[in-house]
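Colleague: here is the input, now give the coordinates:
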Amino acid sequence: MNNHTSTKMAAAVLLFGLTAAQGQILLSDNFNVTGSGSGFALGSGANSGINPPTTRLTGTLAPNMRYFASDATKAVSSYTITGNKLQVAAATGSGRLGLSLDGTTAYDFGSALTADAATAANPAVYDVTISMANTTAGTARFSFALGTVDNNANFWDFGFQLYRAVAADTFYTIGKRVDRVSYTTATDSTGTTSDLNAAITTTAAGTAGNQLTFTMRVTDAGAESTTFNSRIQLSMDGGANWFYDTQTDAALTSGFRFDTSNRYFMFDMAANAAATYDNLSINLLTAVPEPSVFAVGVVGALGFAWRRRAGCQH
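Modeller: Numbers count the residues shown, from 1 in each chain. From the prediction side, this is the model:
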């Protein structure tokens, strides 16, 4: 074996090690389970079919993962699995739920999404797909959001909302919520002087009350304090077309960023909102290796190449 071949083999080993985590489903839930009761106890309500080690969830993060009420102002009895969907019944008080490993603390997806190693030059890229229907008779909003803390709409780095702007509308308005001031520091997500709370677009007549499927693609540059290099895009056709993009949003005059590497997903509904969530998927498209992992890989590959070279000399 010649030295050139040895070096190529070493490079292949290194590349395999650094890309093995990419293109993986971190978590998926199609909610296809017979509902049992309501609330968030294991094996019932939103967690029907989830009682670790038994789980309806799939993906690398599925073990021990479950749903929990991070804001229980809305009665937890409002949450059921009905018709193979997560059903939220209309009730007084707002509600927010999230994902957790222990049922009490929101799970931080930052490391799993490699946001803690991401940079502007080497971003993590991930898709979040979710189906949503707002069946409220009035104008109450319901939402899906991503943030650096688990909190309400005033603190989301980015969230999108589905609602009727006027109760008589036969179509949805899709709105955006982008945080100006972060929860933990004096930095912001937008570079503007106020939070963004505005409509993005409307859907076709007759679509109100129907389930729509959204893909949110995040190009994640990690934690930033003085620059704005992250990007969020929204699609309703699986990414064939993007109807919203932070890079082309005229209101984001500086761009968009996350101020820390924490990442939380939040399902949120206003008081008296009736809604369903379905077909959740969190898919890591491009992972960023930790610097220490990269260094170990490089050293290992160089060592492999050196040993092959020494063994092949005649």
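Colleague: how does this structure divide into domains?
Modeller: Following automatic domain parsing, one finds the domains of the chain at 1-21+291-314, 25-286.
Colleague: need those domains in CSV with mean neighbour count and mean pLDDT, can you?
Modeller: Where C-beta positions appear, they are placed from N, C-alpha and C, glycine not excepted. Below are the domains of the chain laid out as CSV (neighbours: other CB atoms under 10 Å; pLDDT from 0 to 100):
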stretch, mean neighbour count, mean pLDDT
domain 1-21+291-314, 13, 45
domain 25-286, 18, 94
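Colleague: mind listing the strands for the stretch 1-150 of the chain?
Modeller: Here the stretch 1-150 of the chain has its strands, by DSSP state E, counting those that start in this stretch, at 24-29, 66-71, 79-81, 86-88, 95-100, 124-134, 142-147.
Colleague: need these in JSON lines (columns: distance to Pro52).
Modeller: Below are these laid out as JSON lines (distance: least, CB to CB, whole Å):
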{"stretch": "strand 24-29", "distance to Pro52": "14"}
{"stretch": "strand 66-71", "distance to Pro52": "7"}
{"stretch": "strand 79-81", "distance to Pro52": "17"}
{"stretch": "strand 86-88", "distance to Pro52": "19"}
{"stretch": "strand 95-100", "distance to Pro52": "12"}
{"stretch": "strand 124-134", "distance to Pro52": "23"}
{"stretch": "strand 142-147", "distance to Pro52": "24"}
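Colleague: which one of those lies nearest to Thr170?
Modeller: For those, the distance to Thr170 is smallest for strand 124-134, at 12.6 Å, taking CB to CB.
Colleague: sorry, back to before: for Thr203, find the nearest of the strands of the stretch 1-150 of the chain.
Modeller: Nearest to Thr203, of all those, is strand 124-134, at 10.9 Å by CB to CB.
Colleague: Val88 - nearest residue in space that isn't next to it in sequence?
Modeller: Of all residues not flanking Val88 in the chain, Ala275 sits nearest, at 4.8 Å (CB to CB, 6 or more residues apart in numbering).
Colleague: ranges for the strands of the stretch 151-300 of the chain?
Modeller: Assigned by DSSP E, counting those that start in this stretch, the strands in the stretch 151-300 of the chain fall at 158-163, 173-178, 196-202, 212-220, 231-235, 244-245, 264-269, 275-286.
Colleague: need the ones you listed in CSV with distance to Leu57, can you?
Modeller: As requested, the strands of the stretch 151-300 of the chain are exported to CSV (distance: least, CB to CB, whole Å):
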stretch, distance to Leu57
strand 158-163, 23
strand 173-178, 27
strand 196-202, 30
strand 212-220, 19
strand 231-235, 24
strand 244-245, 28
strand 264-269, 14
strand 275-286, 9
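Colleague: which of those strands sits closest to Ser77?
Modeller: In terms of CB to CB, the element of these nearest to Ser77 is strand 264-269, at 14.2 Å.
Colleague: does anything pack onto that closest one? Which helices or strands?
Modeller: Applying 3 or more CB pairs under 8 Å, 6 or more residues apart in numbering; DSSP states H and E, one finds that strand 264-269 contacts strand 95-100, strand 142-147, strand 275-286.
Colleague: and the longest one with strand 212-220, angle?
Modeller: If I follow you right, that is strand 275-286. Counting by axes from the mean of the first three to the mean of the last three CA atoms, to 10 degrees, strand 275-286 lies at 30 degrees to strand 212-220.
Colleague: one step back: my read is that the residue nearest to Val88 contacts Ala137, right?
Modeller: No: taking contacts as CB atoms under 8 Å, Ala275 lies outside contact range of Ala137: 11.9 Å.
Colleague: among the strands of the stretch 1-150 of the chain, which is nearest Ala198?
Modeller: Short answer: strand 142-147, nearest of those by CB to CB, at 13.8 Å.
Colleague: what lines up beside the closest one in the sheet?
Modeller: Paired strands of strand 142-147, with direction, are strand 158-163 (antiparallel), strand 264-269 (antiparallel) (DSSP bridges).
Colleague: list the contacts for Gly103?
Modeller: The contact partners of Gly103, taken as CB atoms under 8 Å, 6 or more residues apart in numbering, are 40, 42, 66, 68.
Colleague: switch to 6 Å and redo it
Modeller: Phe68 (CB atoms under 6 Å, 6 or more residues apart in numbering).
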